[in-house]
Each structure stands twice: as C-alpha cells, then as structure tokens.
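Novice: the following comprises the amino acid sequence and a computationally predicted model.
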Amino acid sequence: MKVLGLEGTAHTISAGIVDDNRIISNFSSTYIPKNGGIHPREAAIHHADNILPVMKKAFEESGLSPGQINLVAFSMGPGLGPCLRVVATAARAFSIKYGIPLIGVNHPLGHVEIGRKLSGAKDPIMLYISGGNTQIIAHEENSYKVLGETMDIGLGNLLDKLARDVGIPFPGGPKIEEFALKGDKLLDLPYSVKGMDTSFSGIYTAARNYIGRESIENICYSVQETTFSMLVEVLERALYYTDKREILLAGGVARNDRLRSMVSHMAKSSGYVAYLTDKKYCMDNGAMIAQAGMLMYLSGQRQHIMDTKVNQSFRIDEVKVPWINSKKPVISNNRGAEALISESQFYGRKTITKQRVEKEYRNQELDRKIRTERMKNEFNLIFRLKSNGINSPILYDFDKYNFTLVMQKLDGITLNKLIRSGDNYMAVINKLGQIIGEMHNLLISHGDLNPNNIMVVGPDIYLIDPSMGKFNCEIEDMADDIFLLTESFKNLYSNYDVLENHFISSYKEKSTNYVEIIKTLDEIKQRRRYV
Ligand SMILES: C[C@@H](O)[C@H](NC(=O)OP(=O)(O)OC[C@H]1O[C@@H](n2cnc3c(N)ncnc32)[C@H](O)[C@@H]1O)C(=O)O
Ligand SMILES: [Fe+2]
C-alpha cells in the first residue's frame, strides 16, 4: 500500500510517501525563529504557508498522483497545539477529498518505527532523543513501555538553548557537535541519573555559567561527554533489566556522531547489536509518520475523523503496538548493569564480588570519577542502612584501586521476579512501604529504587545497590525514590495502581514527613514531559 505521512509537531513541516518496502519520497521545510525559541503561532503560520509546497514536492519526487495514495497519516501529538492543528486539518481535507482512510499517529512512534524499518532492528531497546523528548523505550506485550525518561527538558532542547545563548540559531545540536570536536577539557557538570531517568536542566544552568569563563569548545565538549555518558549508562541498565540484545538510536540528537560512536562502542564491548537510524531520517520527517501509520493500519487499527483530535501530551505508551513479538525478559545474574558480579568466598562465607569495570565508551576522567563515587557511596550507604536496622548485605571488603566490593551473597529473589512469578507479594509490598518510610526518616534516599534492587529473603526485605543514593537527602530525593518505584510497577503489572496504593499507605504509616513528600511526588509527576 502507499501511504502519505504529514509531520508538523514543532519546527518542521514535512510530507513523505512510503510503501510496504521503502521510502518513496520525503520533503521538508524547517521554520527558523528570528530570535528566541520556537514561537508556536509563528511556526504554525510557517507550516500553513509551506504544507502545500512540501506535499507537491513529495508527490513530484515520487512520480505518484494523490489519487494513488491508500492512506493518509499525520502526527497527532505530542507537540505545539497550533502546529498540530494545521497538519491535522490538511490531513483530514486530503482524506475527504480522495476518499481514503485517515490515521493519527504518535510522533515518537514515527521516530522509532522509521528507525526499525531502515535499520532492520526487530525488538530493540530504543534510545529516543529529540528536542522535546529523551526516553528509553522497550516493547512488551502489546505496547511500547517507557522505562526511563527525562525528568525535565529533552536533551535536544538543552543543546538548542545553549546554542542560542551563544548566538547560534536553531537547530543548535549540529553546531554544538562541531565545537565539541575541538574541545578537550572536561568541565565539572552535574551528572544526573536516577535509575533509568535523567535530567538536563541543571546541566544547562551549569553549562551556561561557564560561558565567558571557559572556551565554547570545552563547554560543548563537556556537555556532550556528560550527557551522552548518562544516556549510554541508562541504556546499558535497560538492556540489563530486559535482557534484550538490540539497540536502536532514534530522534534528532541521534544524528550526533559522538553519541553514535559511544553507543556503538558500548554495544560492541558488551555483545549487543547497535542499530543507528539513517541520519537523513533522524530529524522530524513525514516518511516516519507514514511508516508508523501504515503499521497501525495493517494491524487493523481504524480511526473515525472524530477520533483524530490532536493531543499535545500524547505518549508513546498509549498506543497499541501488536506488530512486534517481544520476548519475555529474562534477567541474567552474572553481569550487573554497570559492574561484573561474581560469586566468591570470604573466609568460608559465600560472597559476591562486585567490580565496577572501566567503561571505554566514556571520557576516562569522567569514568574514573563516576566509578569511584558510586563505589564509595554504595559502601557508605549500605553501612548506614545496616547500622540503623535496615537490611542490606554485609560488606566484607573494599578495594578502591580495583573498584571492587565484596559483600554477603543473599539467598533470595528480587521483587521484580517475585511480582512476575505472580506469587503472593502484597505482604512484601506492605512491608516495603514501611522500610522505605523508615529509610527516609533517616534522611537516606536509595537513588535507584526499582524492584531489581529489592531482594526478598525469606520473611525479610533487603535493599541492594544504593550507589546513587544520598545521605542527608532532600524531600525531592525521597519523592524521586517513590516515583521510580511506582513507575516501575507500571512496567511490571497491569493492576499497578493496587501495588502503588498498598505501598503508599504503608509508607504513610512510617514516614514522619509524608505530606510534603507526597506533595513533591505529585509535582514530579506533573513536571514529567507531556504528562
Ligand atoms: C514532539 C516533536 O516535535 C519533537 N521533535 C523534535 O524535537 O525534533 P527532532 O527533529 O526529533 O529533533 C530535533 C533536535 O535534534 C537536535 N539535533 C540535530 N542534529 C544534531 C546533532 N548533530 N547533534 C546533536 N543534536 C542534534 C536539534 O538540535 C534539536 O534539538 C520530538 O520528537 O520530541
Ligand atoms: Fe521529533
């Protein structure tokens, strides 16, 4: 079948035509703001002025006439309201005029589906990075799940804002990449990873403060090294948790060669296969919308014109994706997300040796800094937890030169496995709420409170790997812990709100500050992109 795709969520208006095998044509026009960021109304005017010319060009290039099209797809969201409405109106008009079906497509779905199509990836972990989004996505059952994402701005947005601060017009990413090639000094920037979530606004503020004091080349270099390392780290964690073997890099920022090489390097050294979307189709384009629309249509999805209302906060996890057959995750035990784990013995006791190995893909100075901090932090926080009566493995040895910790081997099952096995876990959830409440009363946050870091050992619950946690933590850190845990319930269990409610109610029994913490939790949920 032949599908016309129309895209215009933000800066670019584009028309693309695909068939079952290939991209037949694609044509775009990008709005460049005269000053400042994208102005939604001006962008919409640009799109309205240019939608017919780009469609005409796409048809000319394809050699097809509009009457030969079988389906028209358009990006229904997320994006800027006025821009979305221009595209939706054009798509509806085309559908009515030529009497063909109309389908509204989720924009991020377009990015990942064109990437899969062009690269041949089947069931990858996807790192989707654009101006508006930064997400780690994986398919499970009937939809794509967002395993982690930015807690504030998209990485592309950071790059565009930083570029604008030094007088570079949109899109800033490519120019930042050029400058970064000439930088070599790593400036100190916050490294903001929590579980599989990231945040970029603190990095933007810190980077902006270097303007005028450090060279623009070194600022760009440091921003890229830091943010890309964060993303490859969360990508690696996602691969570990899901046990998928393929990686797909998509979205506008995926054009960046340094990022591409870091992802390829990580994949190669860990035995994964990296698929990188063809650079030509990383930025917003009509072909990607056509491709996603075609898959939706072929899987039997139909929309009446009344169902095609634009949705500025449309999320990829709301779409049904039955065309992928993803395997059930199997968690491997011998390789942690960021460390080698081996069974060992310490004076006759069964132990685990955890070594944080060098990550060759990232800047070596940054790598040593992260590994040292994480290892020390894990040691200190486990010690604090245990001395306050919260179960955590006994520590036997610490070798800072080899980045190694030796700790008690726990004979138990992770909460992740327990929930997936369907065994009775409600009592565990209740108890966990109390433990986390007590931990927060001690002003300790865990930093990566996901069900893989919670071990159930007989009647007891143990917390493992608090290496990203904090002592003397803030309310925000505590709320982040709860956010991370309850979000991961969503990916584990369809009745996740039951788990969440049980957890929160037992947490409230113990926490002395829960009113403020829950208030902050609600703010975090609101702050999340496109919620
Ligand atoms: C909702 C939708 O409008 C939005 N689209 C979007 O942000 O445009 P996209 O084309 O996917 O990505 C553009 C971003 O990609 C960045 N970019 C382009 N080339 C780059 C490069 N070589 N290095 C780094 N960033 C680059 C740009 O600076 C810009 O921030 C999205 O996908 O979230
Ligand atoms: Fe995009």
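Specialist: All right, it came through fine. Ligands and ions are numbered 1, 2, ... in the order given.

Novice: please count neighbours and contacts with C-alpha atoms only from this point.
Specialist: Fine.

Novice: check the offset of the lengthiest helix in the chain from the chain's centre.
Specialist: When the chain is parsed with DSSP state H, its longest helix is helix 216-242. Relative to its parent chain, helix 216-242 has a centroid offset of 12 Å by CA atoms, centre = their mean, to the nearest Å.

Novice: cool, stretch 30-49 as well?
Specialist: Using CA atoms, centre = their mean, the offset of stretch 30-49 from its chain centre is 27 Å.

Novice: start to end distance for it?
Specialist: 12 Å (CA to CA, to the nearest Å).

Novice: quick one on the thing from earlier: got the contact list for the helix or strand following the longest helix of the chain?
Specialist: Downstream of helix 216-242, the first helix or strand assigned by DSSP states H and E is strand 246-250. For strand 246-250, the external contacting residues (CA atoms under 8 Å, 6 or more residues apart in numbering) are 111-112, 115-116, 121-129, 260, 267, 272-277, 282.

Novice: now strand 246-250: mean pLDDT?
Specialist: The average pLDDT for strand 246-250 rounds to 98.

Novice: which stretches of this protein have low pLDDT?
Specialist: Within the chain, the segments meeting pLDDT under 70 span 328-336, 528-531.

Novice: which residue ranges make up the domains of it?
Specialist: Using automatic domain parsing, the domain ranges for the chain come out as 3-115+282-318, 120-278, 339-408, 413-527.

Novice: make a markdown table out of those and add mean neighbour count and distance to ligand 1.
Specialist: Below are the domains of the chain laid out as a markdown table (neighbours: other CA atoms under 10 Å; distance: least, CA to the nearest ligand atom, whole Å):
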| stretch | mean neighbour count | distance to ligand 1 |
| --- | --- | --- |
| domain 3-115+282-318 | 21 | 3 |
| domain 120-278 | 21 | 3 |
| domain 339-408 | 17 | 17 |
| domain 413-527 | 18 | 16 |
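
Novice: to residue 326, which of those lies closest?
Specialist: Nearest to residue 326 among the domains of the chain is domain 120-278; the distance by CA to CA comes to 5.8 Å.

Novice: can you give the distance of the closest one from its chain's centre?
Specialist: The chain centroid and the centroid of domain 120-278 are separated by 10 Å, computed with CA atoms, centre = their mean.

Novice: cool, stretch 264-280 as well?
Specialist: Computed by CA atoms, centre = their mean, the separation of stretch 264-280 from the middle of its chain amounts to 16 Å.

Novice: measure it end to end?
Specialist: 19 Å.

Novice: check stretch 94-106 too.
Specialist: Length of stretch 94-106, first residue to last, CA to CA: 19 Å.

Novice: repeat that for stretch 195-208.
Specialist: Distance between the boundary residues of stretch 195-208 (CA to CA) amounts to 26 Å.

Novice: one more: stretch 249-260?
Specialist: By CA to CA, the extent of stretch 249-260 from end to end equals 8 Å.

Novice: please shift the residue numbers so they start at 39 in all later answers.
Specialist: Will do, 39 is the new start, and the previous item becomes stretch 287-298.

Novice: quick one: contacts of stretch 129-147?
Specialist: Contact with stretch 129-147 is made by 44, 47, 104-105, 107-116, 166, 327, 330-331, 335, 340-343, 346, 352-354, 357, as judged by CA under 8 Å, 6+ apart.

Novice: recalculate using a threshold of 6 Å.
Specialist: For stretch 129-147, contacts defined as CA atoms under 6 Å, 6 or more residues apart in numbering pick out 108-115, 331, 341, 346.

Novice: helices - which of these land there?
Specialist: Among the contacts of stretch 129-147, the ones falling in helices (DSSP H) are residue 331.

Novice: tell me which two of the contacts of stretch 129-147 sit farthest apart.
Specialist: Spanning the widest gap among the contacts of stretch 129-147 are 108 and 115, at 22.3 Å by CA to CA.

Novice: pull the residues that contact the strand or helix carrying residue 476.
Specialist: Using DSSP H and E, residue 476 sits within helix 464-479. Outside helix 464-479, the residues within contact range by CA under 6 Å, 6+ apart are 541, 544-545, 548-549.

Novice: swap in stretch 426-445?
Specialist: Counting by CA under 6 Å, 6+ apart, 389-394, 424, 446, 500-502 sit against stretch 426-445.

Novice: one more pass at 8 Å, please.
Specialist: With contacts defined as CA under 8 Å, 6+ apart, stretch 426-445 is touched by 384, 389-395, 409-410, 413, 417, 420-421, 423-424, 446-448, 473, 477, 498-502.

Novice: again, but for stretch 258-277
Specialist: Residues outside stretch 258-277 that contact it (CA under 8 Å, 6+ apart): 163, 165, 174, 185-186, 193, 214-215, 217-227, 229-231, 233-236, 238, 241, 245, 283, 297, 300-301, 304, 375-376, 399-401, 404.

Novice: return the subset of those residues lying in strands.
Specialist: The members of the contacts of stretch 258-277 that map onto strands under DSSP state E are 163, 165, 174, 185-186, 231, 235-236.

Novice: re the thing from before, show me the contacts of helix 464-479 that map onto helices.
Specialist: Of the positions in the contacts of helix 464-479, 541, 544-545, 548 sit in helices, assigned by DSSP H.

Novice: mind putting these into JSON lines with distance to residue 83?
Specialist: Formatted as JSON lines, these follow (distance: CA to CA, whole Å):
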{"residue": "541", "distance to residue 83": "49"}
{"residue": "544", "distance to residue 83": "53"}
{"residue": "545", "distance to residue 83": "51"}
{"residue": "548", "distance to residue 83": "55"}
